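>>> Just to be clear, the model below is a prediction. Sequence and coordinates:
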There are 2 protein chains.
Amino acid sequence: MNIDEKDRLILRHLGEDARMPVRELASRVGLSGPATGERIRRLEASGVIARFTVELDLAKLGFPLQAIVRIKPRPGNLHIVEDMIMGEPRFLDCDKVTGEDCFVVRLAVRSIADLDPVLLPFHDRAETNTAIVKSSPLKARNPL
Amino acid sequence: MNIDEKDRLILRHLGEDARMPVRELASRVGLSGPATGERIRRLEASGVIARFTVELDLAKLGFPLQAIVRIKPRPGNLHIVEDMIMGEPRFLDCDKVTGEDCFVVRLAVRSIADLDPVLLPFHDRAETNTAIVKSSPLKARNPL
DNA sequence: CCTGAAACCATGATAAC
DNA sequence: GTTATCATGGTTTCAGG
């Protein structure tokens, strides 16, 4: 699929407000309604738009504390550690990375007291390095 | 604002498909259309729903490579480093954290060759530690 | 391949209860 | 909260460039 400048503009606008009426979006990118609707449909079908979703304020949902944890499983514990991550809903993101560590995860908890219970099961199977998130000046920006 | 179980169910469904018709969402949570619509409106007004957005496939947009970089500014360079991060669109996320490092950022680039030019300007002002993302088994899950 | 207009229909908003 | 009704907006279709 070929993405042109108008597609990128559409994606930028949808990223800011995915419920913008097609007609308004159309006027902003300089196209007609049907043409814009067709582009959205194609971007969705091709998978460039993975899904329409909502961005939540986790603090207001009762998870005001986030941490970024680097996890280095001990020999033989790679798969079990990955399964433990996937099975714990308080882990929001998980990336497998090159370098010293194997996983970099983000987690959200209700309080500082909840941090230890979440990470405790890992201490047998991995070395962890926890950094408390003080603020997030940038969240899920798109590079367009 | 008080969030009950039905609100959490609504948020879960919207997280998977934010364009689900209110009537369908209503039947899934066991409420009427207007009651569900009113709950969505309140969740939005209270900021629990920060915004409706699209999740993009960055690889299909020409940014197939992601990295997680820990950045530790040298003395006196904190603000300039933060400004440099904010001004570079290829940085997707930025968290200020406790511990050894100061920033943990995620970036997306077109190729491995693009990595160095993006990070080069930081070498004067900070120590960086770069981990290439091999895969992301978990992306933006919500803890509900 | 686009635009613009009109018809149609799904959907969100509203009113009354 | 519900149900019934109204109005908005998305999709499709067409004629024309």
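Received, thanks.
>>> when you scan the longest strand anywhere in chain A, is anything in it near chain B?
If you go by DSSP state E, chain A has its longest strand at strand A:126-138. Yes - using CB under 8 Å from any CB of the partner chain as the criterion, contacts between strand A:126-138 and chain B involve A:Asn129, A:Thr130, A:Ala131, A:Ile132, A:Val133, A:Lys134, A:Ser135, A:Ser136, A:Pro137, A:Leu138. C-beta: built from backbone N, CA, C; applies to glycine.
>>> For chain A, just list every one of the strands.
A:49-56, A:65-73, A:91-97, A:103-109, A:126-138.
>>> model confidence over the second one, on average?
In this model, strand A:65-73 has an average pLDDT of 98.
>>> Let's see the pLDDT reported for the most far-flung residue of chain A relative to its centre.
Relative to the mean C-alpha coordinate of chain A, counting by CA atoms, centre = their mean, the farthest residue is A:Ser32 (32.2 Å). Looking at A:Ser32, its pLDDT is 87.
>>> Then A:Asn2?
On pLDDT, A:Asn2 comes in at 86.
>>> Same question for the one 10 residues further on.
Model confidence at A:Arg12, expressed as pLDDT, equals 95.
>>> Contact partners for it?
Taking CB atoms under 8 Å, 6 or more residues apart in numbering or on different chains, we find A:Arg12 in contact with A:Asn142, A:Leu144.
>>> What separation do you get for it and B:Val22?
For A:Arg12, the distance to B:Val22 (CB to CB, to the nearest Å) stands at 26 Å.
>>> do the same with A:Ala67
Look at A:Ala67 and B:Val22: by CB to CB, they are 36 Å apart.
>>> Compare neighbour counts for these two and give me the winner.
Taking other CB atoms under 10 Å in any protein chain shown, A:Ala67 and B:Val22 do not tie; A:Ala67 has more neighbours (22 against 18).
>>> My understanding was that the more buried one contacts A:Leu107; is that so?
Yes - here A:Ala67 reaches A:Leu107: they are 5.5 Å apart, a contact under CB atoms under 8 Å.
>>> Kindly provide the whole-number mean pLDDT of the longest strand of chain A.
98.
>>> ok, what's across the strand from the nearest residue to A:Ala18 once chain neighbours are set aside?
What sits nearest to A:Ala18 in space, not counting adjacent residues and going by CB to CB, 6 or more residues apart in numbering or on different chains, is B:Phe52, at 4.2 Å. Taking DSSP bridges, one obtains A:Val54 as the residues bridged to B:Phe52.
>>> So what's the residue count around B:Phe52?
Neighbours around B:Phe52, by other CB under 10 Å: 21.
>>> State the distance from it to B:Thr98.
Applying CB to CB to B:Phe52 and B:Thr98 gives a distance of 32 Å.
>>> ditto for A:Gly15
Taking CB to CB, one finds A:Gly15 at 30 Å from B:Thr98.
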